[in-house]
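Undergrad: Just a sequence and a predicted model for now, questions to come.
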Amino acid sequence: MKYIDDTVVMKRMKSRLKYNSLWKLIFLIATSLALLTLVILLVRIVTQGSGHLNLDFFNNFGSRFPDKAGIKAALIGSVLLMLIIAPVSMILGVGTAIYLEEYAKKSKLTSFIQMNISNLAGVPSIVFGLLGLTIFVRMLVLGKSLLAAGFTMSLLILPVIIVASQEAIRAVPKEQREASYGMGATKWQTITRVVLPAAIPGILTGTILALSRAVGETAPLVVLGIPVILQFLPDSLLSQFTTLPLQIYDWAKRPQEEFQYVASAGIIVLMILLVIMNSIAIFIRNKFQKRY
Amino acid sequence: MKKWKYLTMTAALGATFVLGACGSEDADTETETETEDGAATGSETTDNADSGDAKLSGEVIGDGSSTVAPITEALVEEYAGVQPDVKVSAGVSGTGGGFEKFIAGETDFSNASRPIKEEEIAELEKAGIDYTEFQVAFDGLTVVVNPENDWATDLTVDQLKQLWIEDGTTKKWSDIDPSWPEEEVVFYSPGTDSGTYDYFDEVILDGADLAKAATLSEDDNVLVQGVAGDKNAIGFFGYAYYLENQDKLTAVKIDGVEPNNETIESGEYTPLSRPLFVYAKNTALQENEAFYDFMKFSLENAGEMAEAVGYVKLPDEKYEEGLSTLEGLK
């Protein structure tokens, strides 16, 4: 008795191999199309913008002369904004995640909250801008300040941070918690000494990726009315400021062609900032993540 | 456990570095603005020497038209050289968006590329905000066609109306003049929140709908690209955008008058030459000395700055008039 009929296998082999390489080709094209777009974009931006990338570009404020226009106010504004968003969104986000994962009982209410958090993550950013305008800028009279923008952006990325933190907390094995309880630790001791240290790489990775989104975001800031034209650096939390994406958009809209190149230089700076942030996220993940 | 400590330490160290970097940046600014100050006052004309006498400080907040924004930016840039401690900031939410914030009491001045509307005046009254209108420059709303278009280089206002007003039909060039090609007209227009659109609406459309086929964009460079890339295209936008793209576009003469500095300033280029405005809050002018000083500086230098960024200055009397109105408000 023969289990494999060689002639039949050989006959079908050719078409099976062809079919296989056909799909391989399709996937290869899909990948290279994405890569090609990225390369074209990068080459275009770098060739256009590199001429303006010099020390003056980082030391100057906006200007009507393309040669004198600089990114100082926008870069510092973006970094400061990040320094507000990071603690606010992390404290609220991780706190919510701990509550939902460790304390809250499984009930209709918690699953309702859970569902809404997931939905909030998909709400367009401009809606958060309108919310921020009503609550922070107008009701709390924070004005178009760093603080108002920081709170708005924190709300925007909060759902992402909550979901990421929940995943990280859930990934800590139950046995570790039980071992901790078994040694007589309280719930709070278990959370601070067992769960959080194990979950922190996942939480930080999620937070930094969410922060990168906040840094590149323009729409909510436009709604808040964050200015673009200014010649000073913020000196308090209630100070006026501007950010990289706003400044880039403003340059790109100018009639003078030279300003398009200045905009490209701004994009390079923004991209470098984002690459640095993402690298930190990857570094943290690789260095501190344990597999169980 | 150890790693956890290491991590917090790195985070703390990182934060210190970032803060430290910010601190040194601040120090840089001070020295820098001082040198800029010296350079600027040296090259400035004498008429703004008086505004540089006393060192003022304070905050001035504005918003409004993106058309006026380049003039404001130039003024803010120059003013920072004269009064480095006055923090002037301005957004570019568009004329309508700017007025919305002006009505909410969030801004001291609002830039506009059209006069204030009736309903906006009513809202301001309701909010108890008194304002004063200042003219800062002229802009010639420029109708442009593709350079390959050699037929529609001189249009009358009626022809413009015929082209731009929606009447339910698909418009062809031959509808306007039978000798023109029988090809569909492609329209490019600024977005409806812009003062440029509002102004065109007022003088050409007269309340009727804009051709539905039109491509709208808030970014005037998109309109430039659109018209430059299509033989049958027609569009309109501020004079500055035409000025920078003369090689790619042809400006249409309106009733035989071509838009240029002279025809716009003299008002000969009509009805599309328009004044650009700054609306100032009266109470802010009275209470905030820095704002008063900035407005004074603006009116003294708006003409020169307007020309520098591609607009047309007003006749000198207009600025004098604005300055005396300002004087009267103090």
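TA: Right, received. Where do you want to start? Numbers count the residues shown, from 1 in each chain, chains lettered A, B, ... in the order given.
Undergrad: all helices of chain B, in order?
TA: Residue ranges of the helices in chain B, as given by DSSP state H, are B:2-43, B:69-82, B:94-103, B:118-127, B:157-164, B:173-176, B:195-200, B:220-228, B:239-244, B:261-266, B:282-287, B:289-308, B:316-329.
Undergrad: same check, this time on the stretch 1-150 of chain A
TA: Taking DSSP state H, counting those that start in this stretch as the test, the helices found in the stretch 1-150 of chain A are A:6-49, A:55-59, A:72-98, A:108-120, A:125-132, A:146-170.
Undergrad: buried residues in the third one?
TA: Pointing back at helix A:72-98 there. Buried positions in helix A:72-98, judged by neighbour count with 16 or more other C-beta atoms under 10 Å in any protein chain shown: A:72-86, A:88-90, A:93-94, A:96-98. No exception for glycine: its C-beta is placed from N, CA and C like everyone else's.
Undergrad: quick check, that helix touching chain B?
TA: Yes - for a cut-off given as C-beta under 8 Å from any C-beta of the partner chain, helix A:72-98 has contacts with chain B, namely A:72, A:76, A:79, A:80, A:83.
Undergrad: Now do that helix: which elements does it pack against?
TA: In terms of contact count using 3 or more C-beta pairs under 8 Å, 6 or more residues apart in numbering or on different chains; DSSP states H and E, helix A:72-98 is assigned the packing partners helix A:55-59, helix A:146-170, helix A:196-216, helix A:244-252, helix A:257-288, helix B:2-43.
Undergrad: Just want the angle from the third one to helix A:244-252.
TA: Using axes from the mean of the first three to the mean of the last three C-alpha atoms, to 10 degrees, the inter-axis angle of helix A:196-216 relative to helix A:244-252 is 20 degrees.
Undergrad: what residues does the stretch 151-300 of chain B put near chain A?
TA: On the criterion C-beta under 8 Å from any C-beta, chain A has as its neighbours in the stretch 151-300 of chain B the residues B:218, B:219, B:220, B:221, B:238, B:240, B:241, B:243, B:244, B:245.
Undergrad: one more time with 7 Å, if that's ok
TA: Among all residues of the stretch 151-300 of chain B, those adjacent to chain A (criterion: C-beta under 7 Å from any C-beta of the partner chain) are B:219, B:220, B:221, B:240, B:241, B:244.
Undergrad: Buried members of these into PyMOL, please.
TA: Below is the selection syntax for PyMOL that covers the buried ones among those, with 16+ other C-beta under 10 Å defining burial:
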select buried, chain B and resi 220+221+240+241+244
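Undergrad: thinking residue A:74 is in contact with residue A:243, fair?
TA: Yes - under the criterion of C-beta atoms under 7 Å, residue A:74 makes contact with residue A:243 at 5.8 Å.
Undergrad: Show the low-confidence segments of chain A, by residue range.
TA: For chain A, the stretches with pLDDT under 70 are A:1, A:289-292.
Undergrad: can you list the residues of it near chain B?
TA: Proximity of chain A to chain B is confined to A:59, A:62-64, A:76, A:79, A:83, A:138, A:143, A:197, A:200, A:225-233, A:240, A:250, A:253, A:255-257, A:288 under the rule C-beta under 7 Å from any C-beta.
Undergrad: out of those residues, which are buried?
TA: Applying the neighbour count, that is 16+ other C-beta under 10 Å, the buried entries in those are A:62-64, A:76, A:79, A:83, A:143, A:197, A:200, A:225-233, A:240, A:250, A:253, A:255-256, A:288.
Undergrad: For residue A:129, state which of the residues of helix A:72-98 next to chain B is nearest.
TA: Proximity to residue A:129 was ranked across the residues of helix A:72-98 next to chain B by C-beta to C-beta; first place goes to residue A:80, at 18.9 Å.
Undergrad: Enumerate every residue touching the closest residue to residue B:120 other than its chain neighbours.
TA: What sits nearest to residue B:120 in space, not counting adjacent residues and going by C-beta to C-beta, 6 or more residues apart in numbering or on different chains, is residue B:99, at 4.9 Å. For residue B:99, the contacting residues are B:110, B:116, B:120, taking C-beta atoms under 7 Å, 6 or more residues apart in numbering or on different chains as the criterion.
Undergrad: Reformat those as TSV; add pLDDT and neighbour count.
TA: Conversion of the contacts of residue B:99 to TSV gives the following (pLDDT from 0 to 100; neighbours: other C-beta atoms under 10 Å in any protein chain shown):
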residue	pLDDT	neighbour count
B:110	95	30
B:116	92	18
B:120	93	20
